Structures are given as structure tokens and as C-alpha cells.
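[1] how does the following fold in three dimensions:
(chains A and B)
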Amino acid sequence: MFAELRQPPTGRRTGWRGGLLRAVVDEFCYGDSETPVLAGVDLSVRTGELVVVAGPSGSGKSTLALALAGLIPGRIGGRFRGAVTFQPDGGSAVDLGDLPLHVAAQHVGIVFQNPEYQLIQYQVDAEVAFGPENLALDHAEVVDRVARSLELTGVGGLASAAISSLSGGQKQRVAIAAALAMQPPMLVLDEPTSDLDPVGTEEVLAVLSALRMGGGCGVVVVEHKLDEVARHADRIVLVVGGRVVLDEPPRVAFLPSAPWREAGVRPPELALLAEVLPRAFRPEAAPIELRNAAAPRARLAEPPPDGTRLDTPPDGARLDTPPDGARLDTPPVEIPGASPELAAQEVGARSAPLTVEEAAARLRSAGLLATRLPLASPGAPDAARGDHAAFEVADVEVAFKDKLVLRGVDLRVEEGEWVALVGANGSGKTTLGSVLMGFVEPRRGSAACFGRPVEFGRIPRQAEHVGYLFQNVDDMLFTETVAAELDFTRKNRVAAGPGAPTPGEVAELIGLSGRLGAHPYELSGGERQRLALGALLTRAPRGLILDEPTTGLDEAHAMALFELLSRVRESLGALSCLLITHDMRLVARFADRVVALRDGRVVLDAPPREAFAALELLESSGVRPPAVSRLHASIEDRPPAVALGVDELAAAIADALGRV
Amino acid sequence: MWDTLHHALFDTLAGQTVVAYAITFLVPLIGPAVFLRFVGLKGLRNVLSYEAADTPIHRLDPRIKLLYPVVIGVASVFLSWGWVYVLFGLTLIPWVLLRPSLVRVRVLTTIVLSPALLSIWSQGLYYTTPNDHLLFAFPVTMAWVGTAGLSTAGLIYGAHEAGRLLVTASAGLVLVMTTGPSDVVWATTKLFAPQRLGLALSVGVRFLPQVFERLATVMHAAEVRGYDFTRPSRWWRMRETVGYGRRMVRALPLLTVPILVGSLRGCAQMALVADSRAFGVNRRRTTYREVRWNRGDRVAVGLAMLFVVGVLALVTTGIGVRHGL
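    Just a heads-up that it's a prediction; the model follows:
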């Protein structure tokens, strides 16, 4: 499934208008607020570059994206000092803030996080044609733009499809196509993959990579899936507290990882591994990959001693485009006072692999050849298991209209067991959870929770024992305060399980005891997620079904949720859980067992270490294991079990290299 | 036994009051009950959706299909009720060409007949003329309802009006079933609508199914939180039924908040997107889609012209003109 997507779609159009997008923001505060969201930012992006902007939640990265697209200050109110300009090659710079929005959109297009709310037509081609039609272009030009945009984004075959019938990745690609139909030389995307599954993420990133190929469109993408996006990037920018604190090529941006960890952003696993094992990942071990590493950037990860920022190029630094027009993966930068030898030494010491294949090649060059890596604890995590089934389905078949979504699925989750249900979108994961909760009636087969048959439509009865966390937790919050949400159960005289915690205890558990008076919509996404989970916990359920609990959460919020789940598991030892997820970190950390679905059938049922070792099977099911697990699987020849974390694999590699 | 019952119901004040209550409140509920039983909200959503097929009707220019219910509806206003039922017969011809499945016919019939019967019944109660013959005269205890009873003239008038409803519904459903939403939007903007109305229509068509889905999800979420929407198994158990009604009413604000907040959040972003795509910048837009007329379109237009001429002839000669025009 992923192999098909590795080849990015190519378009006929390669002659994008060249130019430079530059944001110089001395200060920006929202509304009447005195707290600057952006301060002292100076960021330049050339057409043909793909720049990834990362940062913790609330760091200002999305605000920076809005500014780059010319929406600040024109459309989003606040106090703004600075300018965002686009300077076409050979032309003079235009201030995007001075332009009407539709004119700015022809210089810099923007794509938002949720594709649902940026697609306003019913059909794909009508959506893409919407902009050119509004510009009153000739019919032939409209048709041409629609065809080119659809082709560039690889959705040409879906031109007459209804948007509601598309997958998340396809919708986001249509949104990109619609922005491209305005023919902007630059594209800014604000977390375009955060709501997408791994297949959709790969689809979108492949499109972005293709767009900037061959001296093409410039792309700025705000993203927190650094494991996936880093290999496509020319530069990685870290934004913390409204400031750009780091701007480096991807190979050196994450080394050392300290600035990222301090900022609460998790660097790619391969970079962390390279940091732990610098000798094993020497770049000279993979000379072909030195193409990127040979072009050092002027900026350093470590802040200078005097506290001044190094987010702007030093005097004399310049970005060059080679005379033949070919794109450099990393534009060379002249560093005043820095000798080429010094720069090469710097990069040689800091160069992270960007792909699993590259990391494996480097390890092989370092002498690690198909060695069996000794794992510290190859068994599955311990779990407080009971003797009875928490969730059980037998020969379940579900069809929507004439489409079979589940085809004879059998699954048993023991009491106290945490099982991860993984698979591509449309594989039937959520439908299986819905069957267990009584939302969906199976056409055939049976389902039971804690020994009681599930009755379709009798959801309150099901909810006496089982809590269901919806993917969009906003659908679960009904009242005006956090306290009222946690008191909802008692107020509605809903039966709670034995030993049900009080709202106060739950508030403490979910870390919201200080915000009981806040409106749920005032909370951040991660806090709302925890509140919704807390609301379920007030009923003391014996089982939980969590549907994509980390989708859309940044690293810090995901970690906070992980901590909460750890505490829940610790305090409610017999709690059973069915985790429906694409997040393999969640799986690696919490699952006792991984069940993979493909086209409505169970194709894999094994503990995480063994499941992640079945790389080909998982990838063909639209599941991408963590990079360290994939690296482990690619080093050994069909290992029976793989490492789940960086430290574990690093220890195993170090041990193996020591033996070599 | 029968005589006793008859006497109790029709010759005593209490019995007459019970019958009057049933006529006023219970009978009108039969239509919606039948509708919910045979169609339901889910069925309504499915049946009111475009069904792709390759029929002469599907192949027609969307503008012709959009004008069809308008022309038929206007004609029904001018024609006498006898001719309206002839017109209803004519509107069935496209259905013959479409050959819908029996399930769909059942659902469509329910959709069309339920409001028609309701209309007949309500006119029977409230359409009054001097010297009405009352099928059932309401007792004095029902004076507060504001009608003398169920009248024959009212029922007949209701049947006339229902004919117009049937004609328009039959023609309108042909449009809905055979025309994709994007075609409806395109045809509307081409024929009538200013840009803003066109966009509103487009957004509505795009997001209506999502609102239904969202409502279902939010109701599920409320049930997961313990809120009970389960219908009582026996509706005549008053305590359970009243409790169910109360829960449903109390749930309205609960369910509205998440849906409204989600929609409003989306609206702000949609506005940005529409503006960034130059919406409303030019007075006239060009169009991506161009429709070329085929033989079917020309035949349809010919038939439509013939129809209009025929209706005009009926109206101007007085043969088929509606009484009172």
C-alpha cells in the first residue's frame, strides 16, 4: 500500500514563477491581547524549497503560516508590526498584507488542517474550478487549470467524484489542487496531515514533494509528524514562543535533540538513534547520502552564549540557485569566517539518516550485517488479565448498503487486556468498535461485552460497562463548564459502576482540577480529549473503546494523554481497552496485542513486537510501524520480534556492534 | 354491544369529546407515524438522494429537469382540480421511464401520500363554507379548537389541494432522484441564482449529509455518556412515553451545542477559503462546465412547449381553468 505511494505524482507543469517569500514580523498579538504570538521572526522561503515548520502547541507556528499566506493582518485581527512580502524573480517585492485576499492567494496559497471545511462544492472538479471561475478566466483556461491541478495532486481520476465519497487523504489533495488552481508559486499548509491516517499522510507528503521538484512550487508546511515529513524537507524550522529558534537542513536539524526536547517536540526516531549511536551512523558510511550533508547551514542548534537568537542569516549569508536551474537539496550558505573544512567537520559529526533504508545502509557499513539483535525484553508487556472476555465478536459481518465492511470477523479481548486495532481507513476498525457499542447492527454474527450480548441501539445499556471515546471529542461535550461535564453522569441519574470516582477525583486524574470553571471549548484540543475521557471515567467503566485518541494532537498533548492512560491503567488494573488507532507509539506503549484489519478481515493478531516484525503484511494493510521497528526489521533477516523504542534498539545495536 | 358503544361514543357528551379529540389529534398523527414506520429519517435521507443510472431522464440537461417541477407546479395552480389529477397522471410517465425499485416506490408513495392525506384531513376540519354538511359535529367541549367539526366540503376541497401537492411532489422527486447535487447547483446558478445564493445552495448540498451524520454521532455520544434516547417498547405506557418525550425535549439544547459550534468553526474557515478563491470579485463568473444539448433535450423542450400551449388553451378557453380565477 505504501510502496504504491512512494512514487510521487508528476505533473506537466514545471515552470512555476520563481520568487522569494519573506516574513519579517517584529510582533503580532491577537485581538486586544498584549502577549505577542510572533516576535522577531525573519523567515525566507524560495520557490522550489520545502520548508517544515515545527514547534510545540501554542508556539505560534500556525500563526506564522497565516502570516505567510497574507491572512495576517488583513483577515485576522490583531496588532501587527512587520511585513510579509513575495518578490518574484526579476521583479519587485509586493506586500501581501496590502493585497486583496484573492490576489494574495495567487502569490501564496493556503491549505488548512481540516479538509472538510475548505471544500465547499459537491464535486471534485467543481471544487477545483471554483477559483478560476470566480476570476472569470476563459473557459479553456479554467479547464486547463483544473486538469493541471488535479494531475499535479494525483487526483485526476476523481474529477467527477463526490467529495463526500473521498478518503481524508484524497480530500486534502483536492484542497491542495483547489489552492493550486489559483496558480500561486508558493503554498503554505497548516498541519495538512494531522487528521489523516498513514496512507493519507503519505499521499499528501508525496504530492508536496512532487510540487517542489524540478525548481517548482515553494512549500511551507506546518507539521508535527516529523518522522514522516523530514525526508521530504529541505529545511526544518523550529518555532518556540513565537520565535524561530532553529532553521537547519533535516539531517542536522535534530542533532543535538536537546532544543527539540526542551521545546516539547519529539524529533524523528532515526535522528534520536543517530544521536545515541553517533559512530554507528557516521555519514561517511553512506557516501551517496552526503549530497545533503555536504551543504552546511550557517545556523547552529545551540543558542549563542549571549542569548541572542540565530534565527536570521548572519551578515553575508546568501541563498544561491545553481546556474543550470537545478534545485539543491540544501542551498549553500556562505558563513563569514567559517572555513569549508570546519563546516564539513561540523556536518560530519551531525548528520542523521532520513529514511529507514539509509539508516540500515549506514549500519551495514558500520559492520552490522544481518546480525540477530538481542532485545532486552522480547516478551509482551505484562497485563492484569482475567479469565473472561471483555469484548468478543464471532463471525461478524457488517454491510453498508451493498458494501461489505466487516467480513466474518472473530475477536476476543480478555478482561484487563489492551488490544490495538490497526488498519487503513475503511478497513473496518471503527465499524467493529461500533458493533461492540451497539451503534451498528451486524448482518451476521454476534457480539458481546463482559458476557452480555450487545443489543443494537441499546447504547445506554452498553454504556453501563463500556465507555467509547469518539475521534472528534467535541461531539461528546455538552455542557458549559468542565465541572458540569464531569457531573453529567450524576446529574442525569445515570447508573455508574461500583467504586466510581467522584468528579473531583477524575478532574485530578485528568489534570484539569484547576480549570473546573472553564468552558470546554476554551480548553486546548488535548485538554478536551482528556476531559471527554474523564467524563467517561466518572461511570467507572470496565472497558474502554478509544477511537483514534491521538489524532490531531501534538506531541505534548499526546504525551499528556499517554500519561493519563498510564494512570488510568494503573488505578483501574482490570480495565480492558480496545484502541482503534494509527498511532504506533500508542500501540508500542500500551497494547498487549495488535490486531490488524484489511478489507474487513483480521489479517494479523500478535503482540506488538511480533506484529511490527511482520512489516510487509502491515504495510500492505496500510499500517506503518515505528521507524525503529522498521529499521530493526530491515537489519535482521525476518526477525521474529523487533524493538519498540529508540533506547531498546540502540542498546541492541550497541551490543551487536560491540560483539562485531 | 355495538349499539351501546355507538351510543356511548356518539350520543353522549363525553363520547363525542373523545371522538373529537381522536379526529383532531390522533388521526393527523397517523400520517407521520406511517412515515416514520416506512421511511424514517434515514430512509428519507436515502430516498431523497441522487441515484445514478442511464435513463433518458438522467441524460437530460439539468436545467430542463430543474424547470420541470416549476412549470408543472405553476400549471397546477391555474388548472381545475379534475385537470390537476390528469396532470398528476402525466407526471407519472417519467417514473415509468425510471422504473424505480419496489422498495423505493413504497417509500416514495409514503412520502407523497402522507402529507397529501394530512392536507385533506386538515381542510376537512378547518375549511368551512355556509351550510356545510358535517360528517361529525364537534361537541361544545371542543369549541376551543375553533371548528364546527369534520365537513364534507372541507374534505373535498382538501382533495383538490392535495392534487396540487401530489403533482408538485411527483415532479420534484424526479428532479431529486435523477439529478446529481452538483448538477442542481449548476443549473440553479445558470438559470436563476445570484452568486451568493448559488454558493449557499452549494454549501447546503455539500454539508447536509454531514449534518445528518453529525447528529447521529452526537446522539450516540450522548447515549454513551448515559443519556437515554431509547423509545419505549409500548407507546401506550404513558409514563414511559411521557418520560421519553421529556428526555427528547431536554436533549435538544444538549445536541444543538456541539453541532452548532462545529458548524460555526467551519464557517469561518470556509469564508476565508471562498474569499481566497476570489468569490464575488467579478460580477459574472465563467463556468468550467458546458452542457451541449442532445436529441433528448430537444424532444423534452418540444414536449414542454406543447404542454404549456395545451395548459394555456385549457385556461384561456375556460375548459380547465380553476374555479375562481
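
[2] going forward, measure contacts and count neighbours with C-alpha atoms only.
    OK.

[3] does chain A sit close to the longest helix seen in chain B?
    Across chain B, the longest stretch assigned as helix under DSSP state H is helix B:238-276. Yes - for a cut-off given as CA under 8 Å from any CA of the partner chain, helix B:238-276 has contacts with chain A, namely B:254-255, B:257-259, B:262, B:266-267, B:269-270, B:273, B:275-276.

[4] any idea how chain B splits into domains?
    Under the assignment named as automatic domain parsing, the residue ranges that make up the domains of chain B are B:1-44+B:55-179+B:294-325, B:180-291.

[5] how about the ones you listed in CSV, adding mean neighbour count?
    Below are the domains of chain B laid out as CSV (neighbours: other CA atoms under 10 Å in any protein chain shown):
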stretch, mean neighbour count
domain B:1-44+B:55-179+B:294-325, 17
domain B:180-291, 17
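
[6] show me the contacts for the residue in the stretch 301-450 of chain A that chain B sits nearest to.
    In the stretch 301-450 of chain A, the residue that lies nearest chain B is residue A:439 (7.2 Å; CA to the nearest CA). With contact set as CA atoms under 8 Å, 6 or more residues apart in numbering or on different chains, residue A:439 has these partners: A:456, A:457, A:459, B:220.

[7] try residue B:123
    By CA under 8 Å, 6+ apart, the contact set of residue B:123 is B:154, B:155, B:157, B:158.

[8] with residue A:241 instead?
    With contacts taken as CA under 8 Å, 6+ apart, residue A:241 has the following neighbours: A:37, A:38, A:58, A:59, A:60.

[9] with residue B:247 instead?
    Here residue B:247 is in contact with B:228, B:229 (criterion: CA under 8 Å, 6+ apart).

[10] so how far is residue B:32 from it?
    Remark: distance between residue B:247 and residue B:32 (CA to CA, to the nearest Å) = 20 Å.

[11] any quick ChimeraX command for the buried ones out of the contacts of residue A:241?
    In ChimeraX, a selection of the buried entries from the contacts of residue A:241 looks like this (16 or more other CA atoms under 10 Å in any protein chain shown):
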select /A:37,38,59,60
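
[12] farthest-separated two in the contacts of residue A:241?
    Of all pairs drawn from those, the one with the largest separation by CA to CA is A:38 and A:58; the distance is 10.5 Å.

[13] strands along the stretch 1-150 of chain B, start to end?
    For the stretch 1-150 of chain B, strands defined by DSSP state E, counting those that start in this stretch occupy the ranges B:134-137, B:149-151.

[14] list the strands paired with the last one, with their directions.
    It stands for strand B:149-151. In the sheet, strand B:149-151 lines up against strand B:134-137 (antiparallel) (DSSP bridges).

[15] check the offset of the partner strand from the chain's centre.
    Between the mean C-alpha location of strand B:134-137 and the chain-wide mean there is a distance of 29 Å, by CA atoms, centre = their mean, to the nearest Å.

[16] distance from the chain centre to stretch B:317-325, please.
    With CA atoms, centre = their mean as the basis, stretch B:317-325 stands 27 Å off its chain's centre.

[17] okay, now the unreliable bits of chain A?
    Along chain A, the parts satisfying pLDDT under 70 run over A:1-16, A:214-215, A:283-349, A:369-387, A:493, A:497, A:552, A:572-573, A:659-660.

[18] give me the residue at the spatial middle of it.
    The structure's chain A has its C-alpha centroid closest to residue A:225; by CA atoms, centre = their mean the separation is 3.6 Å.

[19] residue A:637 versus that residue, what's the distance?
    Distance check for residue A:225 against residue A:637: by CA to CA, it reads 28 Å.

[20] ranges for the helices of chain B?
    With DSSP H as the definition, chain B shows helices at residue ranges B:2-10, B:13-21, B:27-38, B:40-47, B:56-59, B:62-78, B:81-98, B:102-126, B:152-178, B:181-191, B:195-224, B:238-276, B:295-317.

[21] next: the stretch 1-150 of chain A.
    When secondary structure is read from DSSP state H, counting those that start in this stretch, the stretch 1-150 of chain A shows helices at A:3-6, A:61-68, A:101-104, A:124-134, A:139-152.

[22] looking at those helices, which is nearest to residue A:419?
    Of all those, it is helix A:3-6 that lies closest to residue A:419, at 27.1 Å by CA to CA.

[23] for the stretch 51-200 of chain A, what lies in contact range of chain B?
    Residues of the stretch 51-200 of chain A that fall close to chain B, judged by CA under 8 Å from any CA: A:101-105, A:117-123, A:126, A:129-139, A:142-143, A:164, A:179, A:182.

[24] pull out the buried members of those residues.
    Buried residues within those, defined by neighbour count using 16+ other CA under 10 Å: A:101-105, A:117-123, A:126, A:129-137, A:139, A:142-143, A:164, A:179, A:182.

[25] returning to that earlier point: next up, phi/psi of the residue of the stretch 301-450 of chain A closest to chain B, please.
    Listed backbone geometry of residue A:439 is phi -70, psi -30, with angles given as degrees, to the nearest 10.

[26] same check, this time on residue B:319
    The phi and psi torsions at residue B:319 (degrees, to the nearest 10) take the values phi -70, psi -40.

[27] look up how far residue B:253 lies from it.
    For residue B:319, the distance to residue B:253 - CA to CA - is 54 Å.

[28] correct me if wrong: residue A:363 contacts residue A:280.
    Yes - the criterion here is CA atoms under 8 Å, and residue A:363 meets it with residue A:280 at 5.8 Å.

[29] closest one to residue A:554 among the helices of the stretch 1-150 of chain A?
    Ranking the helices of the stretch 1-150 of chain A by their distance to residue A:554 (criterion: CA to CA) puts helix A:61-68 first, at 12.1 Å.

[30] and that closest one, what does it pack onto?
    Using 3 or more CA pairs under 8 Å, 6 or more residues apart in numbering or on different chains; DSSP states H and E as the contact criterion, the secondary-structure elements in contact with helix A:61-68 are strand A:19-30, strand A:186-190, strand A:218-222.

[31] so can I have JSON lines of those strands showing distance to residue B:207 and mean neighbour count?
    Compiled in JSON lines, these are given as follows (distance: least, CA to CA, whole Å; neighbours: other CA atoms under 10 Å in any protein chain shown):
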{"stretch": "strand A:19-30", "distance to residue B:207": "30", "mean neighbour count": "21"}
{"stretch": "strand A:186-190", "distance to residue B:207": "23", "mean neighbour count": "27"}
{"stretch": "strand A:218-222", "distance to residue B:207": "27", "mean neighbour count": "29"}
